[in-house]
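# dropping the sequence and predicted coords here.
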Amino acid sequence: MKASNIQPAERLSLVSEYYFSRKLKEVAQMNAEGKDIISLAIGSPDMPPSEKTIETLCEVAKQDNTHGYQPTMGTPELRKAMADFYKRWYNVDINPANEVQPLIGSKEGILHVTLAFVNPGEEVLVPNPGYPTYTSLSKILGAKVVNYDLMENDGWQPDFEQLEKMDLSRVKLMWTNYPNMPTGGNARMETYKKLVDFARRHNIVVVNDNPYSFILNEHPMSLMQVEGAKEYCIEFNSMSKSHNMPGWRVGMCVTNPTFISWILKIKSNIDSGTFRGIQLAAAAALENDEAWHRQANIETYGRRRQYAQQIMQMLGCTYDTDQVGMFLWGRIPDSYDNCEALTERVLHEARVFITPGFIFGSNGERYIRISLCAKEDKFEEALRRIRQII
């Protein structure tokens with residue numbers, strides 16, 4: 001076939017294929033060759049949602065009048081359930097009519113918020129290490145990424161003295177993520193208060209991505225608990241992690257009514273409302289009781305965490321025992337030149353896929369991340385395989 005002269009948009013040159021998208025192709029090829037790779041890399045919960053969630057989806061799907069287009073702003077039932085969720089777990093009052101926006105996952109929210117607040121050429125503060133999508137979507141949309149450091153000796157919290165010394169005149173957004181991914185640094189009310197004060201004094205919108213507050217965490221917290229947070233701040237929450245619903249693609253955005261209206265203006269021009277069955281099932285999931293959360297998010301991940309710690313110790317890595325979330329983040333031994341040297345050895349010699357920290361930024365180059373999203377028998381086998389190569 002004759003080669004086309006068509007060229008891609010210049011923005012494609014600003015980003016590369018998402019690491020996991022690329023690496024999973026390699027892992028799939030290895031599996032096709034019979035190598036049976038154990039994946040401890042991706043944070044995709046492997047447990048089902050609550051029974052009530054699944055039952056609600058099935059019941060709604062059987063009804064013949066529920067398959068039409070749904071409102072982009074979400075059904076009243078889902079918005080009320082999201083507001084009730086914030087009141088129940090964080091003691092935060094959210095008006096379901098205009099202070100919460102259902103999302104097709106937080107990734108979609110990153111896109112919509114950036115489009116709603118940032119003009120091409122304006123700046124966005126992104127944590128290093130941090131979720132790669134904060135960087136990639138900002139670049140695709142023409143924003144300038146300015147990194148701020150998170151360091152282990154500070155508990156992976158922002159260094160506000162460093163931030164105050166930066167030129168913030170063109171900064172429109174600041175991305176934060178507490179409890180933190182990939183490091184497991186927990187949310188701190190002191191940090192949240194400083195973030196709200198920082199946003200107010202510098203006229204910057206702080207967006208806190210908060211999907212991990214229930215995972216291995218006895219005391220879920222929200223940025224919205226700080227007085228005045230709604231005025232300058234936005235918070236994402238997600239059902240992917242805490243409710244075992246990653247493939248359902250349901251998240252939420254909470255903030256003031258004006259910000260919600262701007263985000264909805266963008267969203268309504270990009271997508272249509274999620275299937276009603278998923279929305280009503282998500283509303284049911286948000287009613288899960290404390291016993292369900294303890295079993296799913298504390299006890300199960302707690303048992304798996306013990307295996308991950310053994311793997312870290314076997315690999316000679318050090319880690320903070322106080323970290324939370326569905327990953328374990330550890331510093332590699334000095335004997336390795338970089339983290340990928342270790343993860344590639346483990347992948348090709350032990351046939352276990354773990355994540356190199358460099359994909360989260362330069363401050364992750366001496367770290368690896370182990371996902372807790374695998375059954376205990378997989379962890380036992382991973383331990384056996386790694387023990388053989390060590």
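Okay, I see it. Residues are numbered from 1 along each chain as shown.
# please count neighbours and contacts with C-alpha atoms only from this point.
Fine.
# looking at it, Pro132 is touching Phe360, isn't it?
Yes - when contacts are counted by C-alpha atoms under 8 Å, Pro132 is listed as touching Phe360 (5.8 Å).
# show me which of these two is the more surrounded one.
More crowded of Pro132 and Phe360, by other C-alpha atoms under 10 Å: Phe360, with 22 against 16.
# dihedrals phi and psi, the more buried one?
phi -100, psi 0 (degrees, to the nearest 10).
# go on, Thr176?
Dihedral angles phi and psi of Thr176 (degrees, to the nearest 10) take the values phi -130, psi 160.
# okay, and the residue nearest to it when sequence neighbours are not counted sits in which element?
By the measure of C-alpha to C-alpha, 6 or more residues apart in numbering, the closest residue to Thr176 outside its immediate chain neighbours is Asn208, 4.7 Å from it. Remark: Asn208 resides in strand 205-209, with elements defined by DSSP states H and E.
# paired strands for that strand, with orientation please.
Using DSSP bridges, the strands paired with strand 205-209 are strand 171-176 (parallel), strand 233-238 (parallel).
# distance between that strand and the chain's centre?
For strand 205-209, the distance between its averaged C-alpha position and the chain's averaged C-alpha position is 13 Å (C-alpha atoms, centre = their mean, to the nearest Å).
# repeat for stretch 155-162
Its chain's C-alpha centre and that of stretch 155-162 lie 20 Å apart, by C-alpha atoms, centre = their mean.
# now do the buried residues in that stretch.
Of the residues in stretch 155-162, those buried under the neighbour-count criterion (16 or more other C-alpha atoms under 10 Å) are 155-158.
# on that earlier part again, I'd guessed the residue nearest to Thr176 sits against Pro179; true?
No - here Asn208 does not reach Pro179: they are 9.4 Å apart, not a contact under C-alpha under 8 Å.
# who's more crowded, those two?
Neighbours per residue, other C-alpha under 10 Å: of Asn208 and Pro179, the larger number sits with Pro179, 29 against 24.
# make sure the more buried one is indeed in a helix.
No - when classified by DSSP: H, G, I helix; E, B strand; the rest coil, Pro179 is found to be coil rather than part of a helix.
# so what's it up against?
Applying C-alpha atoms under 8 Å, 6 or more residues apart in numbering, we find Pro179 in contact with 185-187, 210-213, 324-325.
# columns secondary structure, neighbour count and pLDDT on top of those, output as CSV?
Output for the contacts of Pro179, formatted as CSV (DSSP: H, G, I helix; E, B strand; the rest coil; neighbours: other C-alpha atoms under 10 Å; pLDDT from 0 to 100):
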residue, secondary structure, neighbour count, pLDDT
Gly185, coil, 23, 96
Asn186, coil, 24, 96
Ala187, coil, 25, 96
Asn210, coil, 23, 97
Pro211, coil, 25, 95
Tyr212, coil, 28, 96
Ser213, coil, 25, 96
Val324, coil, 27, 96
Gly325, coil, 30, 96
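# how about these, which pair is most distant?
Taking C-alpha to C-alpha as the measure, these reach their widest spread between Gly185 and Pro211, a distance of 13.2 Å.
# quick one, domains of this structure?
The chain breaks down into these domains under automatic domain parsing: 10-48+291-389, 66-285.
# so which of these gets nearest Thr56?
Each of these was scored for nearness to Thr56 using C-alpha to C-alpha, and the closest is domain 66-285 (5.1 Å).
# distance from the chain centre to the closest one, please.
Taking C-alpha atoms, centre = their mean, the mean C-alpha location of domain 66-285 is offset from the chain mean by 10 Å.
# what residues does the strand holding Asn208 touch?
106, 172-178, 195-196, 199, 223, 232-237.
# now the buried members of those residues.
Of all those considered here, the ones buried according to neighbour count by 16+ other C-alpha under 10 Å are 106, 172-178, 195-196, 199, 223, 232-237.
# identify the residues contacting the nearest residue to Phe358 once chain neighbours are set aside.
Residue nearest to Phe358 in three dimensions, not counting chain neighbours: Glu365, with 4.2 Å by C-alpha to C-alpha, 6+ apart. With contact taken as C-alpha under 8 Å, 6+ apart, Glu365 is in contact with 338-339, 356-358.
# partner residues bridging Pro158?
Beta-bridge pairing for Pro158 (DSSP bridges): Leu150.
# mind listing what it touches?
148-150, 191.
# how about Lys107?
If you count contacts by C-alpha under 8 Å, 6+ apart, Lys107 has them with Thr133.
# okay, it: pLDDT?
At Lys107, the pLDDT value in this model is 89.
# how far away is it from Val118?
Distance of Lys107 to Val118, computed by C-alpha to C-alpha, to the nearest Å: 16 Å.
# for stretch 24-33, buried residues please.
Along stretch 24-33, these residues count as buried under the neighbour rule (16+ other C-alpha under 10 Å): 27, 30.
# Gly74 belongs to a helix, doesn't it?
No - counting by three-state DSSP, Gly74 falls outside a helix, being coil.
# give me the phi and psi for the nearest residue to it once chain neighbours are set aside.
In this structure, Gly74 finds its nearest non-sequential neighbour in Pro102, 5.8 Å apart by C-alpha to C-alpha, 6+ apart. Per-residue torsions, Pro102: phi -60, psi 140 (degrees, to the nearest 10).
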